[in-house]
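Q: The sequence and its predicted three-dimensional model are supplied below.
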Amino acid sequence: MSKISLRSLKAFVAVYEEQSFSKAAERVNATQSGMSTQVKNLEYRLGKELLQRDRNSLKLTDAGKIVYENGLQILQKISATEQLVEELSDEYFGDLNIGLIPTLTRTVFTNVIDDFKKLMPNVNVILTEEYSGSLLSRVNSGVLDFAVVPSSDLPQGLSSTYIESDREFLVSAPETISSYSHLEPIPFSKLQNAKIIVPTEANVRRKRINSLLSAHNINPAELLEMDGMLGTIELIAVSDWVTILPSAICYPDMTGKTRQLNPIVQPLITTDYILVQKADRVLKGPAAEFKSLIITAVKDIVYREV
């Protein structure tokens with residue numbers, strides 16, 4: 001009899017990645033006591049302790065590292081096998097759950113969905129638009145097949161694919177920054193005494209903007225906190241407020257008719273986009289096709305000119 005069962009392996013991987021028996025139970029739709037039993041059974045069969053509690057976290061023992069690292073490969077192989085069998089069918093059905101940050105839904109998703117539906121009309125695409133922290137959690141729990149987010153430290157159990165680096169723009173109504181023309185690079189120092197719309201403190205972009213303002217001794221005339229990107233864009237068009245946004249969300253405004261865009265320089269500010277998925281899964285079929293379309297669309301719309 002095998003010492004490692006698939007059920008106990010999945011339980012062990014989930015407990016370590018979630019750092020919690022209760023959260024792991026929710027992830028695999030089991031009970032907390034059941035998760036504990038599976039991990040204990042695995043340790044008993046192998047004759048080795050796999051997890052050690054260190055203050056408020058769970059650490060892998062030497063044996064645990066071997067089981068976890070090889071376990072991920074096993075689970076990934078199983079996922080790939082299941083996908084390959086499904087691909088024997090000429091048609092795909094079911095749901096595809098993806099996540100995008102608000103920066104990308106205005107342009108990337110609209111450019112991709114029609115092409116995807118032509119290829120796989122029977123696949124139901126479910127889009128979740130949230131900020132990166134929430135999307136990473138949903139991918140890790142298995143709710144989302146994958147998500148596209150800004151580059152950051154990833155939780156245990158996730159892997160990423162680099163997509164592209166994006167330029168940050170100063171966005172304003174035409175003539176608000178009268179000394180600069182549309183798409184003319186603008187020094188960050190020109191934000192001195194500007195009325196700036198910023199995300200709330202809970203948003204990772206706010207921390208970055210605060211750091212830049214502080215490092216360059218920029219004192220805005222006024223700050224307005226808004227987490228809604230589309231609401232921010234609409235307000236910019238009819239007021240003297242300005243904001244800082246990646247070029248991807250600004251793509252429809254490249255004409256300069258409704259909003260003026262100025263790439264920020266001195267310093268050059270960029271955002272790296274990554275596609276995040278579970279480390280133990282292989283994206284095949286609809287997920288792989290949508291992933292390819294998303295990556296191409298992001299690369300096509302980001303502003304690279306220096």
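A: Ah, there it is. Numbers count the residues shown, from 1 in each chain.

Q: Doesn't Asn193 belong to a helix?
A: No. If the criterion is DSSP: H, G, I helix; E, B strand; the rest coil, then Asn193 is coil and not within a helix.

Q: quick one: the strands in the stretch 201-306 of the chain?
A: Counting by DSSP state E, counting those that start in this stretch, the stretch 201-306 of the chain has strands at residues 222-225, 242-246, 260-265, 270-278.

Q: Between strand 260-265 and the longest one, find me the angle.
A: Relative orientation of strand 270-278 and strand 260-265, computed by axes from the mean of the first three to the mean of the last three C-alpha atoms, to 10 degrees: 90 degrees.

Q: longest strand anywhere in the chain?
A: strand 158-172 (DSSP state E).

Q: After that strand, which helix or strand is next? Please name it.
A: Downstream of strand 158-172, the next assigned helix or strand under DSSP states H and E is strand 186-187.

Q: quick one: low-confidence ranges for the stretch 201-306 of the chain?
A: Within the stretch 201-306 of the chain, the stretches with pLDDT under 70 are 305-306.

Q: Okay, helices next: where are they in it?
A: Using DSSP state H, counting those that start in this stretch, the helices of the stretch 201-306 of the chain run over 204-215, 229-237, 247-250, 285-301.

Q: Comparing those, which comes out most buried?
A: helix 247-250 (a mean of 24; mean count of other C-beta atoms under 10 Å). Using the backbone N, CA and C atoms, a C-beta is placed for each residue, glycine as well.

Q: so what secondary structure elements neighbour that helix?
A: Applying 3 or more C-beta pairs under 8 Å, 6 or more residues apart in numbering; DSSP states H and E, we find helix 247-250 packed against helix 102-104, strand 158-172, strand 260-265, helix 285-301.

Q: Tabulate those (CSV), appending distance to Leu58.
A: Formatted as CSV, those follow (distance: least, C-beta to C-beta, whole Å):
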stretch, distance to Leu58
helix 102-104, 34
strand 158-172, 17
strand 260-265, 42
helix 285-301, 30
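
Q: Mind checking the strands of the stretch 201-306 of the chain for the one nearest to Val15?
A: Ranking these by distance to Val15, with C-beta to C-beta as the measure, places strand 270-278 first at 15.3 Å.

Q: Give the pairing partners of the closest one; include direction for each.
A: Paired strands of strand 270-278, with direction, are strand 146-150 (antiparallel), strand 158-172 (antiparallel) (DSSP bridges).

Q: gap between Asp114 and Phe21?
A: The gap separating Asp114 from Phe21 is 44 Å, by C-beta to C-beta, to the nearest Å.

Q: So for the helix or strand encompassing Tyr16, what gets flagged as buried?
A: Using DSSP H and E, Tyr16 maps to helix 6-18. Neighbour counts over helix 6-18 (16 or more other C-beta atoms under 10 Å) mark Ser8, Leu9, Lys10, Ala11, Phe12, Val13, Ala14, Val15, Tyr16, Glu17, Glu18 as buried.

Q: Mind checking the pLDDT average for the helix or strand following it?
A: In the C-terminal direction, the helix or strand that comes right after helix 6-18 (DSSP H and E) is helix 21-27. For helix 21-27, the mean per-residue pLDDT is 85.

Q: name the helices or strands packed onto helix 21-27?
A: With contacts taken as 3+ C-beta pairs under 8 Å, 6+ apart, helix 21-27 sits against helix 6-18, helix 32-46.

Q: export the buried residues of helix 6-18 to JSON lines and tack on pLDDT and distance to Leu84?
A: Formatted as JSON lines, these follow (pLDDT from 0 to 100; distance: C-beta to C-beta, whole Å):
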{"residue": "Ser8", "pLDDT": "87", "distance to Leu84": "25"}
{"residue": "Leu9", "pLDDT": "88", "distance to Leu84": "21"}
{"residue": "Lys10", "pLDDT": "86", "distance to Leu84": "20"}
{"residue": "Ala11", "pLDDT": "87", "distance to Leu84": "25"}
{"residue": "Phe12", "pLDDT": "88", "distance to Leu84": "25"}
{"residue": "Val13", "pLDDT": "88", "distance to Leu84": "22"}
{"residue": "Ala14", "pLDDT": "87", "distance to Leu84": "24"}
{"residue": "Val15", "pLDDT": "87", "distance to Leu84": "29"}
{"residue": "Tyr16", "pLDDT": "89", "distance to Leu84": "28"}
{"residue": "Glu17", "pLDDT": "86", "distance to Leu84": "25"}
{"residue": "Glu18", "pLDDT": "86", "distance to Leu84": "28"}
